[in-house]
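Visitor: Structure for the following, please:
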Amino acid sequence: MHLKEDSFRRRLAMSAGIFLLGTAIYSAASPGRIDIIDGQYRFEVAHNLIDDGSVQIRDSFLDESVPGLIVGAYSSYGISGSVVPIPLVLWARIGHPDSRDREQFFFSFTSCVLGGATLALLFLFYRELGVSWRSALSWTAVAGFATLMFPASATVFDQVQQGFFLFAACFLAWLGAQRDSMGITIAAGVALAILVNFQESYALMFPGIGLAALGPGWSTQAERRRGFERATVFLFVGCLGLLFWAGYNQFRYGAFLYSGKGRNHPFPFGNPLVGVANLLASPGKSIFLYSPPTIITLLGLRNLIRHHWFLGLAVTGTGLLHLALISSLSFFGGDWCWGPRYFATTLPLLALPLPFATAASGTRKAMFRLIIAAGVCVQLLGLSVEHHRFFYDRSLPRFFWYARPNYYFAHSALFSRPGELIQILREGVPPEATTFRPGPYSSRITYAVFGGWGSPPPKPNEQAEWMRHYAVFWLPRPWPFWMRHIPPDERPVDYATALSVVVAIGIAGAVLIGWSARHAGSPA
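Guide: Numbering: from 1, shown residues only. Alright, predicted model coming up:
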């Protein structure tokens, strides 16, 4: 009993340490501001929910809000994306009840926190699968810092948030099957219900993730019946989330199946063959270029299926269903962003086969190290400069991907990034850059970037020159670097205090990991 309790304490301490250290690293790499207009809509709803329980959009500059059934206008984004960040926004209000800039700064770390939580959950999953402490910790680090999950955790785009709930649903469904626990299975379904209130299209992936609830026993009729019972409960609870989504639509727009999406946007569906080709092979959006360890995933998938049949099928099925879903979209690249960001939702699942990719030969071990090193370099490039720069530098129209679906076979943000860095290092911030960012509310440093805003307005082919008027495109992307260039009285938070908190969280996490690692060799 003592050994089991000791093992549990070590595992809990290691998971907590991974969460704290991962969150701190992601937070230090975060832009510390709302870096895409999507996040501004979700923040507006979170802010109004706290103020008076309203989900209306009241910011007049967010003009893509959709008129409601009776009064007001609403965001087309799911409610989960605004509810999940509320604790961070409430934290921001402590001692500063009227600072939207501060609230937006805290809001921007939502993906950092859930990214750190995903790493902790991934480590626990590895241990439940029988992976050794050292290997579990190493592969968790690979998944967290050598894949697209790194830059995706340092942005207000919410794919990492969605990925946490998808991964939690899979882990709990599998754990519920291992322990034949209907309570754990119900908790897995709750995670699924939250997920579809981020994005309802994830319901199409239910059949794949549901496979995780079927195992482990399958040899007798009673085991098969029990497996189907768990899977049915898991999916039933997940589908309750769809009922909530429909009720939310009815409340806003008076239509159960209308979420407000697609207003003033091109047709959402495209040629799936074009999408697949771009997402797998193009220089601008290939998952293998932006997340090289995905190659190791493919090598380990067979062994995962062999050792954990239903889990391996769940990972494979969910991954393929997700690929089919995003490749059928005309905006398969998820722009404007770094890399194929939609993959960030399933990357934690795709990390499960990593420890099962055997590397017995020296050649294969060297290949793995090279792939991982390349992955880290790619992510650091993605974190270095504001993502919008690549698009404005080429004067691309807002929906360029609709008219030019093969654009990424000739253009790549990854291959362009070294040149952008060289230009920034050589020239520094242009003298014309008298404003931090383009957009309304110039005093709010953390408000979203608006393209085509300000004086002088860019002509169709002069966006590159227009960028020279805004420092955000020329300063390093992580907030600890750019905030130093902002006058202290204009900063959303006290710089030294904020940086100290992040460092302290990271140190606490490293201490917990170190303590757990020192005791990992004792019997468990």
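Visitor: List the buried residues in stretch 488-505.
Guide: For stretch 488-505, burial by neighbour count (16 or more other Cβ atoms under 10 Å) applies to 491-493, 498-499, 502, 505. Just so you know, the C-beta spots here come from the backbone N, C-alpha and C atoms, and that holds for glycine as well.
Visitor: Distance to G333 for those residues - can I get that in a markdown table?
Guide: Compiled in a markdown table, those are given as follows (distance: Cβ to Cβ, whole Å):
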| residue | distance to G333 |
| --- | --- |
| R491 | 34 |
| P492 | 31 |
| V493 | 33 |
| A498 | 33 |
| L499 | 34 |
| V502 | 31 |
| I505 | 33 |
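Visitor: Closest one to F288 out of these, please.
Guide: The shortest approach to F288 among the buried residues of stretch 488-505 belongs to V502, at 32.0 Å (Cβ to Cβ).
Visitor: Spit out the contact partners of the closest one.
Guide: Contacts for V502 (Cβ atoms under 8 Å, 6 or more residues apart in numbering) come out as 24, 27-28, 480.
Visitor: these two touch, right, P492 and I445?
Guide: Yes - taking Cβ atoms under 8 Å as the definition, P492 is a contact partner of I445 at 5.8 Å.
Visitor: Identify the contacts common to those two.
Guide: 33, 101.
Visitor: Now tabulate the buried residues of stretch 488-505 in TSV and tack on secondary structure.
Guide: Output for the buried residues of stretch 488-505, formatted as TSV (DSSP: H, G, I helix; E, B strand; the rest coil):
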residue	secondary structure
R491	coil
P492	coil
V493	coil
A498	helix
L499	helix
V502	helix
I505	helix
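Visitor: any idea which of these is the one closest to V84?
Guide: V84 has its nearest neighbour among the buried residues of stretch 488-505 in I505, at 19.2 Å by Cβ to Cβ.
Visitor: for the stretch 1-150 of the chain, what are the low-confidence residue spans?
Guide: Applying pLDDT under 70 to the stretch 1-150 of the chain flags residues 1-6.
Visitor: I'd like to know how far G22 sits from L119.
Guide: Distance of G22 to L119, given as Cβ to Cβ, to the nearest Å: 4 Å.
Visitor: Are there residues contacting both of the two? Which ones?
Guide: Common contact partners of G22 and L119 (Cβ under 8 Å, 6+ apart): G144.
Visitor: Quick one: residues in contact with stretch 258-275.
Guide: By Cβ under 8 Å, 6+ apart, the residues outside stretch 258-275 that reach it are 64, 66, 74-76, 78, 200, 245, 249, 252-253, 324, 326-332, 399, 402, 405-406.
Visitor: what is the mean pLDDT for it?
Guide: Mean pLDDT, stretch 258-275: 91.
Visitor: Pull out the buried residues from it.
Guide: Neighbour-count burial for stretch 258-275 flags 259-260, 270, 272, 274-275 (criterion: 16+ other Cβ under 10 Å).
Visitor: dump the residue contacts of the most centrally placed residue in the chain.
Guide: The centre of the chain sits closest to V160, judged by Cα atoms, centre = their mean, with a distance of 1.9 Å. By Cβ under 8 Å, 6+ apart, the contact list for V160 reads 111, 114-115, 118, 149, 152-153, 344-345.
Visitor: now do V376
Guide: Taking Cβ under 8 Å, 6+ apart, we find V376 in contact with 145-146.
Visitor: Let me have the contacts of V160 in JSON lines, extended by secondary structure.
Guide: As requested, those are exported to JSON lines (three-state DSSP):
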{"residue": "S111", "secondary structure": "helix"}
{"residue": "L114", "secondary structure": "helix"}
{"residue": "G115", "secondary structure": "helix"}
{"residue": "T118", "secondary structure": "helix"}
{"residue": "M149", "secondary structure": "helix"}
{"residue": "A152", "secondary structure": "helix"}
{"residue": "S153", "secondary structure": "helix"}
{"residue": "A344", "secondary structure": "helix"}
{"residue": "T345", "secondary structure": "helix"}
